[in-house]
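J.: could you work out the structure for the sequence below:
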Amino acid sequence: MRPFDRTATPARARLAPYVWLVLGSVCISFSPVFVKLAHVGPTSAAFWRMAIGGLALACAAWLRGGLTLGSPGALGLTLACAVAFGLDLLAWHRAIHLIGPGMATILANSQAVLLAAWGVFALGERSLPRLLAALGLAACGIWLLFGPDWTARPEASAWGLGLGIAAALCYAAFLIFLRRLQTRQDFTEQLRNMALMGLLSAVLLGGTALLGGESLAIGSRNDLAALLGYGLLGQGLGWTLIAANLPRVPLSTAGLVILLQPSLAFVWDVLLFDRRAGSLDILGLCLALAGIFLGATRRK
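T.: The predicted structure is shown next:
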């Protein structure tokens, strides 16, 4: 695959995919809010996210006349995306219970490092010194935001660390597969791909929940409303915006922009759930945003 060339499009066209990526990251940053409001098990929450999001996108694709299976190559990549994202959600939710949401989020979002390495060494993306500086700033910022959770949980285990790293590997693989899947696809085809990916992931997650003895039942209207928001905003809208614009930006930069998700999730936690924000938290948020900006504005 040839490295992304930003010089072939006008300035406004070059900026647009970054704006959409940011908006998509803002949408998925509300995911922890909906998970907190929906009183269901972790795998059940992931199942309903993918099922609701997949069904909504399937309806959108059907209205645009694009509800078809697609080529064998696209189907294979869609299945790979579904498996990778489903495994990422499974590993991340379980890591949360072992090492806390903060450290689990840090480990899962080390996908930015993995994507940066893939972009530089496999896709020929350059500006390595600026990228390393951006990754360092973002990593320090995320650590200041979430790192203290690690020391507050003495029961943390090697299993939690392993699951967090596994989540990062699956997350990075998902983004690589997704970028390739959505390249040279029109918007209707992209909707179809995301719908099918969501429904396939829901099958995987639903089967895992039932095999593990976890109920998929929704207990109340409030839980249903939270799950609808989780599926429609977090999965349906957010990931559609990200998936449609992944092929239009360098992969390493996309990984950094998606780091907005945990940073903004912290902000919503402060604003909506009265989490206390100290000076280190504010410093961490500023460092994370500075790193994201530095990486997103680098030249090839």
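
J.: where does the prediction get shaky in the stretch 201-300 of the chain?
T.: Scanning the stretch 201-300 of the chain for pLDDT under 70 picks out 275, 277, 292-300.

J.: all helices for it, in order.
T.: 221-229, 238-245, 251-257, 260-273, 279-296 (DSSP state H, counting those that start in this stretch).

J.: so which of these is the most surrounded?
T.: Highest mean neighbour count of these: helix 251-257, a mean of 26 (counted as mean count of other Cβ atoms under 10 Å). From N, CA and C alone the C-beta is placed, and that goes for glycine too.

J.: so how far is it off the chain centroid?
T.: Its chain's C-alpha centre and that of helix 251-257 lie 11 Å apart, by Cα atoms, centre = their mean, to the nearest Å.

J.: begin at 35, not 1, for the rest of this chat.
T.: Happy to do that; since the first residue is 35 now, the last one works out to helix 285-291.

J.: who wins for proximity to residue 95 among the helices of the stretch 235-334 of the chain?
T.: With Cβ to Cβ as the measure, helix 272-279 is the member of the helices of the stretch 235-334 of the chain nearest residue 95 (10.4 Å).

J.: please state the offset of the closest one from the chain centre?
T.: With Cα atoms, centre = their mean as the basis, the mean position of helix 272-279 lies at 10 Å from the chain mean.

J.: which outside residues touch it?
T.: By Cβ atoms under 8 Å, 6 or more residues apart in numbering, the residues outside helix 272-279 that reach it are 50-52, 54-55, 57-62, 65, 87, 91, 212, 215-216, 221, 224-225, 227-228, 288, 292.

J.: how about stretch 54-66?
T.: 83, 135, 263-264, 267-269, 271-276, 278-280, 283, 288, 291-299, 301-303.

J.: for that stretch, buried residues please.
T.: 54, 55, 56, 58, 59, 61, 62, 63, 64, 65, 66 (16 or more other Cβ atoms under 10 Å).

J.: need these in a markdown table with secondary structure, can you?
T.: Listed next are the buried residues of stretch 54-66 as a markdown table, based on DSSP: H, G, I helix; E, B strand; the rest coil:
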| residue | secondary structure |
| --- | --- |
| 54 | helix |
| 55 | helix |
| 56 | helix |
| 58 | helix |
| 59 | helix |
| 61 | helix |
| 62 | helix |
| 63 | helix |
| 64 | coil |
| 65 | helix |
| 66 | helix |
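
J.: endpoints of stretch 97-105, how far apart?
T.: Using Cα to Cα, to the nearest Å, the end-to-end distance of stretch 97-105 comes to 20 Å.

J.: hmm, I was thinking of stretch 262-282
T.: Distance across stretch 262-282, first residue to last, is 29 Å (Cα to Cα).

J.: now that stretch, how far from the centre of its chain.
T.: 9 Å.

J.: now stretch 91-104
T.: 23 Å.

J.: and for stretch 279-290?
T.: 13 Å.

J.: equivalent analysis for stretch 97-111, please.
T.: 22 Å.

J.: per-residue confidence averaged over it?
T.: The pLDDT scores in stretch 97-111 average 80.

J.: sorry, back to before: any idea which of the buried residues of stretch 54-66 is closest to residue 318?
T.: The closest of those, once distances to residue 318 are taken by Cβ to Cβ, is residue 63, at 15.4 Å.

J.: against residue 56, how distant is the closest one?
T.: Distance, residue 63 to residue 56, using Cβ to Cβ, to the nearest Å: 10 Å.

J.: longest helix in the protein, please.
T.: In the chain, taking DSSP state H as the definition, the longest helix is helix 106-142.

J.: that helix to helix 272-279, inter-axis angle?
T.: 120 degrees (axes from the mean of the first three to the mean of the last three Cα atoms, to 10 degrees).

J.: what about helix 106-142, distance to the chain center?
T.: With Cα atoms, centre = their mean as the basis, helix 106-142 stands 9 Å off its chain's centre.

J.: ditto for stretch 298-308
T.: 18 Å.

J.: send the alpha carbons of that stretch over as PDB?
T.: Extracted as PDB, the C-alpha positions of stretch 298-308 are listed here (Å, rounded to 0.1, in the frame of the first residue of the first chain):
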ATOM      1  CA  LEU A 298     -12.500  13.400  26.800                       C
ATOM      2  CA  ALA A 299     -14.000  10.500  28.700                       C
ATOM      3  CA  PHE A 300     -12.100  11.900  31.800                       C
ATOM      4  CA  VAL A 301     -13.700  15.300  31.200                       C
ATOM      5  CA  TRP A 302     -17.200  13.800  31.000                       C
ATOM      6  CA  ASP A 303     -16.500  11.900  34.200                       C
ATOM      7  CA  VAL A 304     -15.600  15.200  35.900                       C
ATOM      8  CA  LEU A 305     -18.600  17.100  34.500                       C
ATOM      9  CA  LEU A 306     -21.300  14.400  34.800                       C
ATOM     10  CA  PHE A 307     -20.200  12.200  37.800                       C
ATOM     11  CA  ASP A 308     -18.500  14.700  40.100                       C
END
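
J.: brilliant, that's me finished.
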